[in-house]
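Colleague: Need coordinates for the below:
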Amino acid sequence: MSKCISILGSTGSIGRQSLEVIAACGMEVAALTANSSVEKLEAQARQFNPKLAVMTDERAAADLKVRLADTQVKVAGGMDGLLEAAAIPQADTVITAVVGMVGLRPTLAAIREGKRIGLANKETLVCAGPLVLEEAKDYGAQIIPVDSEHSALFQCLEGNRDRGEVKRLILTCSGGPFYGKTAAELQGMTREDALRHPNWSMGAKITVDSATLMNKGLEVIEAMHLYHMPPEKISVVIHRESIIHSLVEYCDNAMLAQLGAPDMRLPIQYALTWPKRVPGPAQELDLWNCGPLTFGAPDLKTFRCLDLALRAAQEGGTAGAVLNGANEEAVAQFLAGKIGFLDIAGKVEGAMEQVTVVQNPGIGDILEADRAAREAVR
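Modeller: Model (predicted):
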């Protein structure tokens with residue numbers, strides 16, 4: 001069970017909810033990091049009194065240093081500061097809640113210190129899964145998933161004696177705000193439309209990924225690495241209510257599911273308290289009033305990003321890094337109003353066609369694939 005936590009990305013949705021869990025469970029905070037939300041990080045630092053506060057934006061770091069001059073909190077900036085927060089000696093656990101490829105280096109830094117990783121940055125495994133897991137094995141670091149779907153799989157597999165008994169991992173998917181719409185209907189969807197998720201309150205990038213279903217595709221690739229499963233043993237099912245967070249089907253056709261209210265504090269807390277369970281702030285699931293549970297197949301022709309992710313999962317190597325880098329760049333363009341919603345999939349597919357995939361890649365190959373994919377989209 002964790003005692004002292006470093007949160008990379010503390011002002012985002014996962015970071016803020018992590019601090020709620022930490023406060024409720026009586027844990028301590030070693031380090032907090034953010035990109036440029038100075039006022040939010042200042043308030044968090046004053047409340048939780050970490051050893052270290054980091055702004056990856058250097059100007060924001062200079063501002064925070066002035067704001068916290070009356071405290072004992074050390075302030076650092078840039079990637080060096082992020083790496084320092086990841087490896088800080090006082091923390092036994094690091095929650096990686098930064099968004100995107102920027103999370104790879106600090107995650108590796110925390111792993112090399114043998115820390116528990118509360119993994120909320122799926123891009124780390126999508127882009128460099130084999131490398132990250134090998135490092136975790138070498139340094140004795142635990143990787144516990146924070147995403148609700150992967151936490152559900154983790155919990156459903158805990159009593160499994162033999163992975164050969166597992167027939168299939170089933171990731172549930174809300175379908176996002178555009179479920180049931182045709183490609184023609186999606187043509188004019190705006191930034192504001194894409195950010196209206198029916199069940200979850202998340203950051204802009206992941207909410208758009210949920211709208212395109214790319215988020216579920218990234219989770220398929222992540223599940224391959226986390227649970228050592230080939231892509232053909234991982235399925236996606238639309239479950240609009242977000243009550244069943246994922247399922248495991250066994251060779252005898254029995255299925256185990258993890259249920260809970262759509263509240264990220266539950267998987268966050270379990271990543272911190274595993275293997276124990278303790279009372280916490282997560283919402284209770286009221287089975288009498290949660291309504292009927294529904295299931296359906298995803299529409300791969302309309303929501304092409306999921307299909308592209310499944311292709312990358314089959315191809316392996318740096319295909320995940322190409323997919324992710326292209327998607328990050330395309331989503332940024334969409335959020336900036338430079339391209340339409342359906343153009344996201346087109347941009348990603350174009351990058352996947354242009355950038356050569358390297359099998360058995362090293363870190364240099366992964367970073368180059370990411371760079372080339374972003375350049376292709378630009």
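
Colleague: Tell me how many other residues crowd Y250.
Modeller: 14 (other C-beta atoms under 10 Å). Bear in mind the C-beta positions are built from the backbone N, C-alpha and C, glycine included.

Colleague: now G164
Modeller: Going by other C-beta under 10 Å, the residues that sit close to G164 add up to 8.

Colleague: Quick one: residues contacting it.
Modeller: For G164, the contact set (C-beta atoms under 8 Å, 6 or more residues apart in numbering) comprises C251.

Colleague: same thing with N360?
Modeller: By C-beta under 8 Å, 6+ apart, the contact set of N360 is G317.

Colleague: Let's test this: what are the backbone torsions at it?
Modeller: With angles defined as degrees, to the nearest 10, N360 sits at phi 50, psi 50.

Colleague: go on, E84?
Modeller: Note on E84: backbone dihedrals following degrees, to the nearest 10 are phi -60, psi -40.

Colleague: now do I95
Modeller: I95 has phi and psi values of phi -90, psi 120 when expressed as degrees, to the nearest 10.

Colleague: how about the nearest residue to it once chain neighbours are set aside, secondary structure?
Modeller: Excluding the flanking residues, the one nearest I95 by C-beta to C-beta, 6 or more residues apart in numbering is G118, at 4.0 Å. Following DSSP: H, G, I helix; E, B strand; the rest coil, G118 is assigned to strand.

Colleague: Strands of the stretch 101-250 of the chain, start to end?
Modeller: For the stretch 101-250 of the chain, the strands defined by DSSP state E, counting those that start in this stretch occupy 116-119, 143-145, 166-173, 234-238, 244-250.

Colleague: Could I get the buried residue list for stretch 209-228?
Modeller: Residues of stretch 209-228 classed as buried by neighbour count (16 or more other C-beta atoms under 10 Å): 209-227.

Colleague: Correction: the previous question concerned stretch 192-209.
Modeller: So for stretch 192-209, counting by 16+ other C-beta under 10 Å, buried means 194-195, 197, 199-200, 202-203, 205-209.

Colleague: Could you tell me which ranges of the stretch 151-300 of the chain sit under the pLDDT cut-off?
Modeller: Along the stretch 151-300 of the chain, segments meeting pLDDT under 70 span 200-201.

Colleague: coming back round to it: between all of the buried residues of stretch 192-209, which two are separated the most?
Modeller: Maximum pairwise distance in those, criterion C-beta to C-beta, is 17.2 Å, between N199 and K205.

Colleague: now do the same end-to-end measure for stretch 142-149.
Modeller: End-to-end span of stretch 142-149 (C-alpha to C-alpha, to the nearest Å): 18 Å.

Colleague: From the rest of the structure, what touches that stretch?
Modeller: Where contact means C-beta under 8 Å, 6+ apart, the residues beyond stretch 142-149 that reach it are 14, 95, 97, 111, 116-120, 122, 132-133, 136, 151, 153-154, 171-172, 219, 222-223, 226, 242, 245-246, 260, 262, 264, 266-268, 270-271, 274.

Colleague: Now, the residues you listed that are in helices?
Modeller: Applying DSSP state H to the contacts of stretch 142-149, the entries found in helices are 14, 111, 132-133, 136, 151, 153-154, 219, 222-223, 226, 266-268, 270-271.

Colleague: Just name the most buried of the strands of the stretch 101-250 of the chain.
Modeller: Highest mean neighbour count of those: strand 116-119, a mean of 26 (counted as mean count of other C-beta atoms under 10 Å).

Colleague: what lines up beside that strand in the sheet?
Modeller: According to DSSP bridges, strand 116-119 has the following sheet partners: strand 93-96 (parallel), strand 143-145 (parallel).

Colleague: I'd like the distance from it to the chain centre, please.
Modeller: Strand 116-119 sits 11 Å away from the centroid of its parent chain (C-alpha atoms, centre = their mean, to the nearest Å).

Colleague: Using CSV, list the CA coordinates for it.
Modeller: What follows is strand 116-119, C-alpha atoms only, in CSV (Å, rounded to 0.1, in the frame of the first residue of the first chain):
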residue,chain,number,x,y,z
ARG,A,116,5.1,1.7,-8.0
ILE,A,117,3.7,3.3,-11.1
GLY,A,118,0.0,4.3,-11.0
LEU,A,119,-0.2,4.4,-14.8
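
Colleague: give the contact list for E42.
Modeller: Here E42 is in contact with 64, 67-68 (C-beta under 8 Å, 6+ apart).

Colleague: Wasn't it part of a helix?
Modeller: Yes - assessed by three-state DSSP, E42 belongs to a helix.

Colleague: what about it, distance to A61?
Modeller: The spacing between E42 and A61, counted by C-beta to C-beta, to the nearest Å, is 12 Å.

Colleague: Now do the phi/psi pair for the residue of the chain most remote from its centre.
Modeller: Largest separation from the mean C-alpha position in the chain: D70, at 34.8 Å (C-alpha atoms, centre = their mean). When read as degrees, to the nearest 10, the backbone of D70 gives phi -90, psi 10.

Colleague: I'd assumed K181 was in contact with A211.
Modeller: No - if you go by C-beta atoms under 8 Å, A211 and K181 don't touch, sitting 10.1 Å apart.

Colleague: Ramachandran angles for K51?
Modeller: Dihedral angles (degrees, to the nearest 10) for K51: phi -70, psi -30.

Colleague: Give me the neighbour count for it.
Modeller: Each residue near K51 was counted by other C-beta under 10 Å, and the total is 19.

Colleague: what's the answer for G340, then?
Modeller: A count of nearby residues for G340, using other C-beta under 10 Å, gives 15.

Colleague: Kindly report the same for V21.
Modeller: Number of residues near V21 (other C-beta under 10 Å) recorded here: 24.
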